[in-house]
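Engineer: let me see the structure of the following:
(one chain, ligands or ions: 1)
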Amino acid sequence: GANPARALAPRVPFGAAVQVDHFEADADYRALIERECDLLMPSNELKFGLLRPTRPEFWFDPADRMVNWARSRGMMSRGHAFVWWSTNPPWLEAIRDPADAERVLVEHIERVAEHYRGRLGSWDVVNEVIANDPREPGGPLRDTWWRRRLGARHISLAFRTAMRADPSAKLVINDYDLEFEGPRYDARRAEILHLVRQLQDEGLRVDMVGLQAHLYSHIKVDREALARFGRDLKALGVGLLASELDVIDFQVRGDADAIDAAAERSVSDFLDGLFAGQRPYAVITWGISDRYTWVPDAMPRSDGQPNRPLPFDAALRPKPWYVTLRQKL
Ligand code: XIL
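Structural biologist: Below you'll find the model as predicted:
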């Protein structure tokens with residue numbers, strides 16, 4: 001590996017998910033990634049709609065370029081995601097026949113998992129399958145196109161197919177809002193545990209739960225609940241990782257220093273709770289620098305200041321939570 005920071009031997013790998021176009025166009029950004037990351041993964045390019053613009057096509061090229069670059073430098077990588085409610089291409093959602101939907105799901109996972117066999121250490125098999133508020137009617141699973149066509153069994157089907165297609169890849173349930181204090185978050189954690197047990201009862205293997213960890217500066221991280229969740233998963237033989245860490249700051253008033261201080265508190269609390277439960281497989285940020293982030297598109301600040309969700313600022317300078325992260329990993 002060409003990463004001198006690795007000489008410090010971090011106990012838990014640090015990684016980033018980034019877009020291939022940003023990575024390829026921006027040499028300074030690429031150099032930062034090479035210096036800092038033990039793991040690099042495509043954030044969008046393995047999503048169904050980007051990979052499969054039409055039914056016969058598989059656009060492996062962009063993700064391949066990043067995965068191969070990472071491998072050639074001794075970095076790990078991972079796959080995101082086989083099943084998600086978002087970014088399904090129109091041709092997919094036009095399918096009405098459940099048998100056809102099942103064929104597409106199985107074929108998709110087989111082809112993609114086999115293509116990356118031995119190159120991706122883990123896969124988000126399902127992403128965001130728990131309802132936003134699982135206590136509401138219609139829950140606990142999210143109402144998605146896959147569920148409407150195939151029912152809850154699409155989750156088992158996805159795990160069974162992935163297990164067969166790449167037996168060496170770790171299989172992950174990835175989801176959001178699992179980090180905070182309050183009854184909705186308690187319910188979401190409980191539903192993840194329930195889903196893990198259900199899949200295990202069917203003889204399926206769940207290797208890890210991915211905590212997206214899109215933190216919010218204004219929502220309190222529940223360290224105790226997070227630690228308990230990590231221990232409960234461990235008792236089931238299931239690991240965990242932070243899969244999409246960033247800090248959403250649209251509710252914080254003040255200047256850049258105030259925003260960064262609030263973000264540092266959130267990340268510090270989160271890592272304390274995470275590590276108290278069990279040692280994570282990796283901590284992965286969603287992006288790495290404020291130069292490229294999804295947050296301004298989804299949750300912009302109303303005061304006109306730029307969002308500051310990531311460990312490096314837009315000029316690629318480390319922010320306070322980068323130091324915290326490095327101390328705790
Ligand atoms: C986001 C990407 O960062 C954006 O570029 C894209 O337009 C939408 O998706 N949870 C997830 C990720 O699992 O796939 C999402 O990524 C962010 C929220």
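
Engineer: report how many residues lie close to the residue lying closest to residue 176 once chain neighbours are set aside.
Structural biologist: Beyond its immediate neighbours in the sequence, the residue positioned closest to residue 176 (C-beta to C-beta, 6 or more residues apart in numbering) is residue 212, lying 4.2 Å away. Where you see a C-beta, it was placed from the backbone N, CA and C, and this is true even at glycine. When neighbours are counted by other C-beta atoms under 10 Å, residue 212 registers 21.

Engineer: touching, residue 212 and residue 173? I think so.
Structural biologist: No. Residue 212 lies out of contact with residue 173 (C-beta atoms under 8 Å); the separation is 11.1 Å.

Engineer: who in this protein is up against the ligand?
Structural biologist: For the chain, the residues in contact with the ligand (C-beta under 6 Å from any ligand atom) are 43, 44, 127, 212, 244, 294.

Engineer: using TSV, lay out these together with secondary structure.
Structural biologist: Converted to TSV, those look like this (DSSP: H, G, I helix; E, B strand; the rest coil):
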residue	secondary structure
43	coil
44	coil
127	strand
212	coil
244	strand
294	coil
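
Engineer: show me just the buried residues among those residues.
Structural biologist: Among these, those buried by neighbour count (16 or more other C-beta atoms under 10 Å) are 43, 44, 127, 212, 244, 294.

Engineer: next up, the contacts around the second one.
Structural biologist: Which is residue 44. 19, 20, 50, 87 (C-beta atoms under 8 Å, 6 or more residues apart in numbering).

Engineer: and the pLDDT for the second one?
Structural biologist: What it means is residue 20. pLDDT for residue 20: 98.

Engineer: not counting its neighbours along the chain, what's nearest residue 71?
Structural biologist: Distances taken as C-beta to C-beta, 6+ apart place residue 119 nearest to residue 71, at 6.4 Å, with adjacent residues excluded.

Engineer: number of nearby residues for residue 136?
Structural biologist: Counted with other C-beta under 10 Å, residues neighbouring residue 136 total 11.

Engineer: quick one: secondary structure of it?
Structural biologist: coil.

Engineer: and residue 15, helix, strand or coil?
Structural biologist: Residue 15 ends up strand, using three-state DSSP.

Engineer: these two touch, right, it and residue 40?
Structural biologist: Yes. With contact defined as C-beta under 8 Å, residue 15 counts as touching residue 40 (6.2 Å).

Engineer: now do the strands in the chain.
Structural biologist: For the chain, the strands defined by DSSP state E occupy 14-18, 39-42, 79-84, 122-127, 170-175, 208-211, 214-216, 239-248, 283-286.

Engineer: what sits up against the second one?
Structural biologist: Spelled out, that is strand 39-42. With contacts defined as C-beta under 8 Å, 6+ apart, strand 39-42 is touched by 13-20, 33, 62-63, 66-67, 69-70, 75-80, 282, 284.
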